[in-house]
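Novice: Okay, here's the prediction I keep looking at, along with the sequence it came from:
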Amino acid sequence: MKTIHLNRDNLRTWQKQAEPNVMALGCFDGLHLGHCEVIIIAKEKAKEKNVQLAVMSFFPHPKSVLTNGKKQIQYLMPLTEKEEKLRGLGVDLFYVVEFDKEFSSLSPDQFVIQYLTQFAVIHAVAGFDFCYGSRGAGNMDRLNHDSGGKIDVTKVEKVAYRDEKISSSCIRERLLTGNVEELPHFMGSFYKVKCDWDGIELTPQPYYTLPAPGRYAVTLENEENSLKTEVMVLQRHDGPLLKCSIEMPPVWKGMLFIVWQSRVMEENVQTFEKKTLIS
C-alpha cells in the first residue's frame, strides 16, 4: 500500500499520476465496523472493475479546524496504525488530505473535481451521512451529478449495534465513561493503546484515547508475549497516569500494547493520587 499526503502544493503532481480507482471516503478514525463495511464494499467494486482500491481520509479532524481549535478531537488511533489496518484490508492507495481552512472553503463541485475526478476515481463509496464541500453542502445523493456523471456512487447505509449507529463518537463516549467491554461490538475487537514502558512508567503514545479513571482488566502484548493483569488509569493535574497492578518483568521494557477488556471498578481518583505519592 502506498500512502500519499495531499496538500495544495503537491495536488497537481499527484493528479497527473492518478490511475483509475474505486475510492472509499471518510475520516476513518478507529476503523470501526462501519468504516470496514465501507472499505469492503469499495474493495468488491474495485475487483469488479479491475482497478485499484483507494481510501481518502482527512487530517487534522475537520471539527478541530472548523471550530478554530476550540473543539479538540480525541483520536482513536495514530496514522501508522490506520495504515497497518488499511493494508490488511487490501487497500492499494491511501490518500491523507491536509484539512485546513482553504480546503474547507471548497464548494462541493470543486472538491469533486479536484480530489475525485482529477484523481481518476470512477466509483466512490462512503457512508450515508458522508458530506463534503463548504459547510458540508455536498452529500452522496448529489456526488454523481457534481462529477458530471463521471463517478458512480455507492451509499452505505447505517451499520448499527442494538439500533445505535456505529461511529467514532460513540466509541469515544464509551471510552470516556469506562465502558470498554462494549467496544468489540463497535470495533470488532477490544480497544488497544500503544505504550512505551521505560521500566518505571507506562506512557501512551499520541493519538489514542484513554478510558475514564478507574481500574481495568487488560492484556499486555508485545511482539513475543502476552500478560493478563490490571491497569489503573489515574487523573493528575498534568494529565492521566497509567499504573500496572503488578511489577512488570524487565523483558517487557520497550513498546507494548494495552488491550482494554473490562472495567473492574470505578476508583476514587484522589485516593489513587495519594497512594501514588506515598509509594
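Specialist: Now that the structure is in, tell me what you want to look at.
Novice: how's the protein carved up into domains?
Specialist: Following automatic domain parsing, one gets these domains for the chain: 2-161, 176-278.
Novice: deepest of these, which one?
Specialist: Each of the domains of the chain was scored by mean neighbour count; the highest is domain 2-161, a mean of 17, by mean count of other Cβ atoms under 10 Å. In short, each C-beta sits where N, CA and C put it, glycine included.
Novice: helices or strands next to the longest helix belonging to the chain in the packing?
Specialist: The helix that spans the most residues within the chain, counting by DSSP state H, is helix 33-49. In terms of contacts (3 or more Cβ pairs under 8 Å, 6 or more residues apart in numbering; DSSP states H and E), helix 33-49 is packed against strand 21-25, strand 52-59, strand 121-127, strand 152-156.
Novice: now these as JSON lines including mean pLDDT and distance to residue 12?
Specialist: Output for those, formatted as JSON lines (pLDDT from 0 to 100; distance: least, Cβ to Cβ, whole Å):
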{"stretch": "strand 21-25", "mean pLDDT": "98", "distance to residue 12": "18"}
{"stretch": "strand 52-59", "mean pLDDT": "97", "distance to residue 12": "17"}
{"stretch": "strand 121-127", "mean pLDDT": "98", "distance to residue 12": "16"}
{"stretch": "strand 152-156", "mean pLDDT": "98", "distance to residue 12": "25"}
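Novice: ok now do the residue most central in space within the chain, which residues does it touch?
Specialist: Nearest to the geometric centre of the chain sits residue 29, at 1.8 Å (Cα atoms, centre = their mean). If you count contacts by Cβ atoms under 8 Å, 6 or more residues apart in numbering, residue 29 has them with 61, 73, 75-77, 82, 168.
Novice: Please report the distance of the closest residue to residue 22 other than its chain neighbours from residue 147.
Specialist: Take residue 22 and drop its neighbours on the chain: the residue closest to it by Cβ to Cβ, 6 or more residues apart in numbering is residue 46, 4.0 Å away. Look at residue 46 and residue 147: by Cβ to Cβ, to the nearest Å, they are 17 Å apart.
Novice: just the CA coordinates of stretch 71-80, formatted as PDB?
Specialist: Provided in PDB are the C-alpha atoms of stretch 71-80 (Å, rounded to 0.1, in the frame of the first residue of the first chain):
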ATOM      1  CA  LYS A  71     -13.100  21.600  19.900                       C
ATOM      2  CA  GLN A  72     -10.200  19.200  20.300                       C
ATOM      3  CA  ILE A  73     -10.800  15.800  18.900                       C
ATOM      4  CA  GLN A  74      -9.500  12.800  20.900                       C
ATOM      5  CA  TYR A  75      -8.300  10.500  18.200                       C
ATOM      6  CA  LEU A  76      -8.700   6.700  18.500                       C
ATOM      7  CA  MET A  77      -5.600   5.700  16.600                       C
ATOM      8  CA  PRO A  78      -2.500   7.200  15.100                       C
ATOM      9  CA  LEU A  79      -1.900   7.300  11.300                       C
ATOM     10  CA  THR A  80       0.700   4.500  11.500                       C
END
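Novice: State the mean pLDDT of it.
Specialist: For stretch 71-80, mean pLDDT rounds to 89.
Novice: beta partners of residue 226?
Specialist: Note on residue 226: beta-bridge partners residue 221, judged by DSSP bridges.
Novice: Please look at residue 144 and residue 154 and confirm they touch.
Specialist: No: the criterion here is Cβ atoms under 8 Å, and residue 144 misses it with residue 154 at 10.6 Å.
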